[in-house]
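Trainee: this one's sequence-less:
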Ligand code: C2O
Ligand code: CU
């Protein structure tokens, strides 16, 4: 169909009656099925669920302080939503169905519109039936640039994901509600991809300085990340700059949903390779390779400055702040005897029949009342007591917090904290962002089978 000149004039006239802001149609972010080669050479292609046709979704990259507008269009066979992980966001834009918005049905849309206050490495992912939707591919990087970027030769985002594919067909194994996974370490895969590729290769030069933005978008896999022929520092965790860059001298853990920004120098010999590796029980395996091109830099840079600070609130007087205990319960070997769903107290057996194996403070589902009802501006400590025999990656929406270290001092800012089996870890935060915020384990099978709670800031 063609528009006549008359129609154009008419619609132009109609448009001019609208306020300026309403005219701009936000860029569409389409959640849809796609086919992509993700398995290694020689395997068939894989059917995935994607944002805009690729896994991971295309990086969304914006300057600090700018506004992100996306119209989510749901073309999936399931309802969905998008969560902007780690962004200290306006509550209505947080993407949690049943808490901050209605779920977006097939064929429906939702307009996300928010400002990104902090520079750093973040990500976006589906937040409905996340355990299935994220495993099928619904995630992508969200990078917020500092006004003054550090001096590096390359800035690379490496999104690490763990896929469970059928080795014959390369199709995603769709046993998302597998009770064994749910009650143990979660859904672990058999293929680790970086940016949707197996063992990708990056061209670098000797003595170059790289910024590596690592994002763990796995359902449940904790990477123990190490460097080979790369030497440098961790400069940010979960988006937030460290006050002092931390030299990488040994492997460090990267739990589901966590990010680490590294600044590293390529120290491999000419024509050699450097790599990012992950240490597993049966040895180290390569995640990504960096091949050294011919034209090398004469020499490397010396030393490093911390990244510029983000506008985080001051966290003071934590000694006086109330401590709220959250006990992590259940799972294999510590089976729940009973737990609550709403007002009902169910036995372990009844819970297992519902696919619930975990609980937070005795609740095997997000409770009606918040775990914490906090007054805007107040300071709180949350103590995670892990009574289970599995590690959990506890994530707060809406706020970053600081770890309270053994000696009572404050550690780095984070949005997701790994609490090892049997461990107790304390965090502290100022609640400066009003709304209803989720708090859950980011091993997505654990969240789906009971490890889900929320807190309120009013
Ligand atoms: Cu990464 Cu509740 O989310
Ligand atoms: Cu968990």
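Mentor: Noted; the coordinates are in hand. From a predicted model like this one, the values you see are computed outputs, not experimental measurements. Ligands and ions are numbered 1, 2, ... in the order given.
Trainee: list the beta-bridge partners for the residue of the stretch 201-350 of the chain found nearest ligand 2.
Mentor: With C-beta to the ion as the measure, residue 328 is the residue of the stretch 201-350 of the chain nearest to ligand 2, at 7.2 Å. C-beta coordinates here come from the backbone N, C-alpha and C atoms, glycine included. Judged by DSSP bridges, the bridge partners of residue 328 are residue 360, residue 386.
Trainee: that one: neighbouring residues, count only.
Mentor: 27 (other C-beta atoms under 10 Å).
Trainee: test my guess that it contacts residue 384.
Mentor: Yes - counting by C-beta atoms under 8 Å, residue 384 is a contact partner of residue 328 at 6.3 Å.
Trainee: count the residues that sit near the closest residue in space to residue 370 that isn't next to it in sequence.
Mentor: Leaving aside its chain neighbours, residue 370 sits nearest to residue 456 (4.1 Å; criterion: C-beta to C-beta, 6 or more residues apart in numbering). Here the count is done by other C-beta under 10 Å, and residue 456 has 16 residues near it.
Trainee: what's the distance between residue 456 and residue 429?
Mentor: 14 Å (C-beta to C-beta, to the nearest Å).
Trainee: now do residue 135
Mentor: 30 Å.
Trainee: among those two, which residue is more densely surrounded?
Mentor: residue 135 (29 against 24).
Trainee: does the more buried one really touch residue 444, like I thought?
Mentor: Yes - the criterion here is C-beta under 8 Å, and residue 135 meets it with residue 444 at 7.4 Å.
Trainee: common neighbours of those two, please.
Mentor: 187, 219 (C-beta atoms under 8 Å, 6 or more residues apart in numbering).
Trainee: who is the residue in the chain that ligand 1 sits nearest to paired with across the strands?
Mentor: Nearest residue of the chain to ligand 1, counting by C-beta to the nearest ligand atom: residue 85, 3.7 Å away. Taking DSSP bridges as the rule, residue 85 bridges to residue 123.
Trainee: what's near enough to touch it?
Mentor: 122, 123, 124, 125, 142, 257, 395, 415.
Trainee: show me what contacts the fourth one?
Mentor: So the one you mean is residue 125. Counting by C-beta under 8 Å, 6+ apart, residue 125 has contacts 82, 83, 85, 133, 134, 138, 139, 140, 217.
Trainee: and of the residues you listed, the nearest to residue 401?
Mentor: residue 85 (14.6 Å; C-beta to C-beta).
Trainee: quick one: the residue of the chain closest to ligand 1 and residue 140, what's the gap?
Mentor: For residue 85, the distance to residue 140 - C-beta to C-beta - is 10 Å.
Trainee: cool, residue 203 as well?
Mentor: Taking C-beta to C-beta, one finds residue 203 at 23 Å from residue 140.
Trainee: out of these two, which sits in the more crowded spot?
Mentor: A count of neighbours by other C-beta under 10 Å puts residue 140 above the other of residue 203 and residue 140, at 24 against 10.
Trainee: pretty sure residue 322 sits against residue 381.
Mentor: Yes - using C-beta under 8 Å, residue 322 is in contact with residue 381, at 6.8 Å.
Trainee: compare the two (neighbour count), which wins?
Mentor: More neighbours surround residue 381 than the other of residue 322 and residue 381, with 19 against 11 (other C-beta under 10 Å).
Trainee: which of the helices or strands spans that one?
Mentor: Assigned by DSSP states H and E, residue 381 belongs to strand 379-386.
Trainee: does that strand reach ligand 2?
Mentor: No - contact of strand 379-386 with ligand 2 (C-beta under 5 Å from the ion) is absent, the minimum separation being 8.9 Å.
Trainee: so which bits of stretch 432-440 are buried?
Mentor: Under the neighbour-count criterion of 16 or more other C-beta atoms under 10 Å, stretch 432-440 has 433, 434, 435, 436, 437, 438, 439, 440 buried.
Trainee: how many other residues sit next to the nearest residue to the first one once chain neighbours are set aside?
Mentor: Here the nearest residue to residue 433 in space, its sequence neighbours aside, is residue 398; by C-beta to C-beta, 6+ apart that works out to 4.8 Å. By other C-beta under 10 Å, the residues close to residue 398 number 25.
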